[in-house]
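Novice: 3D model of this:
(one chain, ligands or ions: 1)
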Amino acid sequence: MDRKALVNQIRSKKSFLCIGLDTDLNKIPKHLLELNDPVFEFNKRIIDATKEFCVSYKINTAFYESRGVKGWESLVKTWKYLPKDCFSIADAKRGDIGNTSEMYASAFFNEASSQMSFDSITVAPYMGEDSVKPFLKFDGKWVILLALTSNEGSKDFQNLKVGSDMLFEKVVCKANEWASDEQLMFVVGATRGEAFLNIRKQAPTNFLLVPGVGAQGGSLEDVCKYGMIRDCGLLVNSSRAIIYASSGLDFAEAAAAEAQKVQKQMENVLQAIF
Ligand SMILES: O=c1ccn([C@@H]2O[C@H](COP(=O)(O)O)[C@@H](O)[C@H]2O)c(=O)[nH]1
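Specialist: Have a look, this model is predicted:
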């Protein structure tokens, strides 16, 4: 999906919500466990119930990879089930020497070889240009580079001063030399509200994928205040707060209600730009 199509989706759905399918067998409603592929059945019902309120789904591959072959099957089935008008994110956090990154890119972008072709993948930047470039060779696909993450440990390296900048600012600035804002996004945690001003200095036009609202307590208001640009430029992710809104028979309805609540807040903010 290109930037224009993504922005059109945001405009027409009045939402920049990305729902995270961090689907954990230990957390899904017990009655689903009797089914053949409980993870896929859960995802299917969550997607059906929430798709009108969001523009993107993010599949955190760790939750699938941890279950071996069965998990990979649930992953492929879920990718195939994603609505085609929603921007798909493989939250795989990859990156390695060039020829290995080529294989990772093929795993998530090349449908002929892996049966999946996500719109985007999250990539860790610290092995540098040759570890990121193989993902950028796929036309129309996006790299979402980790910049300033939402966890406590982000301070350990990302906030270190390098000359007059912080390391994450250097990462953003350098990466913007490798690709345009039609192919490159950055992850910035919602828990880092004040840092959006700095990020926007280095990445004035890039879309940002923002995890950390909901279960991690980040402020959607601050994210919008400091991070929103003319065509929105934000995909705000929430996973657990939406998909585990209820563990009962009403889990899909509860997820829809939660997603709609966030969408309504987003609709209010979007009035300022659309
Ligand atoms: O800095 C980061 C990068 C990625 N994530 C991922 O986003 C979701 C957040 O889930 P919640 O349940 O809404 O907290 C999850 O998949 C993380 O791995 C992040 O949180 N922070």
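Novice: rest of the way, CA atoms for contacts and neighbours
Specialist: OK.
Novice: for the chain, what helix or strand is lowest in average pLDDT?
Specialist: In the chain, no helix or strand scores lower on mean pLDDT, DSSP states H and E than helix 196-202, which sits at a mean of 91.
Novice: who touches the helix or strand following that one?
Specialist: As assigned by DSSP states H and E, the chain's next helix or strand after helix 196-202 is strand 208-210. The contact list for strand 208-210 (Cα atoms under 8 Å, 6 or more residues apart in numbering) reads 144, 185-190, 233-237.
Novice: go with 10 Å
Specialist: With contacts defined as Cα atoms under 10 Å, 6 or more residues apart in numbering, strand 208-210 is touched by 16-18, 89, 122, 144-150, 184-192, 196, 199-200, 218, 220, 223, 227-228, 232-238.
Novice: neighbours around the residue in the stretch 51-200 of the chain that the ligand sits nearest to, how many?
Specialist: Nearest to the ligand in the stretch 51-200 of the chain, going by Cα to the nearest ligand atom, is T149, at a distance of 3.1 Å. Residues within reach of T149, counting by other Cα atoms under 10 Å, total 21.
Novice: contacting residues around the residue lying closest to it once chain neighbours are set aside?
Specialist: Distance criterion Cα to Cα, 6 or more residues apart in numbering; nearest residue to T149, sequence neighbours excluded, is G189 at 4.9 Å. G189 makes contacts with 146-151, 154, 195-196, 208-213, 216, 218, 223, 236-237, as judged by Cα under 10 Å, 6+ apart.
Novice: In the stretch 151-274 of the chain, mark out all the helices, start to finish.
Specialist: Here the stretch 151-274 of the chain has its helices, by DSSP state H, counting those that start in this stretch, at 154-157, 167-175, 196-202, 220-227, 240-243, 251-270.
Novice: Pick the most buried one from those helices.
Specialist: Counting by mean count of other Cα atoms under 10 Å, helix 240-243 has the highest mean neighbour count of those, with a mean of 23.
Novice: For that one, which helices and strands make contact with it?
Specialist: The criterion is 3 or more Cα pairs under 10 Å, 6 or more residues apart in numbering; DSSP states H and E, and the helices and strands that helix 240-243 contacts are strand 17-20, helix 38-50, helix 251-270.
Novice: give me that answer again for 6 Å
Specialist: helix 251-270 (3 or more Cα pairs under 6 Å, 6 or more residues apart in numbering; DSSP states H and E).
Novice: Point out the other elements, helices or strands, that the helix it packs on touches.
Specialist: The helices and strands touching helix 251-270, judged by 3+ Cα pairs under 6 Å, 6+ apart, are helix 38-50, helix 240-243.
Novice: For E267, which of those is the nearest?
Specialist: Nearest to E267 among those is helix 38-50; the distance by Cα to Cα comes to 15.6 Å.
Novice: Format the CA atom coordinates belonging to that closest one as PDB.
Specialist: The C-alpha coordinates for helix 38-50 follow below in PDB (Å, rounded to 0.1, in the frame of the first residue of the first chain):
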ATOM      1  CA  PRO A  38      -7.600 -21.300  18.300                       C
ATOM      2  CA  VAL A  39      -5.100 -18.400  17.500                       C
ATOM      3  CA  PHE A  40      -6.500 -18.000  14.000                       C
ATOM      4  CA  GLU A  41     -10.100 -18.300  15.100                       C
ATOM      5  CA  PHE A  42      -9.500 -15.600  17.700                       C
ATOM      6  CA  ASN A  43      -7.800 -13.300  15.200                       C
ATOM      7  CA  LYS A  44     -10.500 -13.900  12.600                       C
ATOM      8  CA  ARG A  45     -13.200 -12.800  15.100                       C
ATOM      9  CA  ILE A  46     -11.200  -9.800  16.300                       C
ATOM     10  CA  ILE A  47     -10.600  -8.700  12.800                       C
ATOM     11  CA  ASP A  48     -14.300  -9.100  11.800                       C
ATOM     12  CA  ALA A  49     -15.300  -7.100  14.800                       C
ATOM     13  CA  THR A  50     -12.700  -4.300  14.600                       C
END
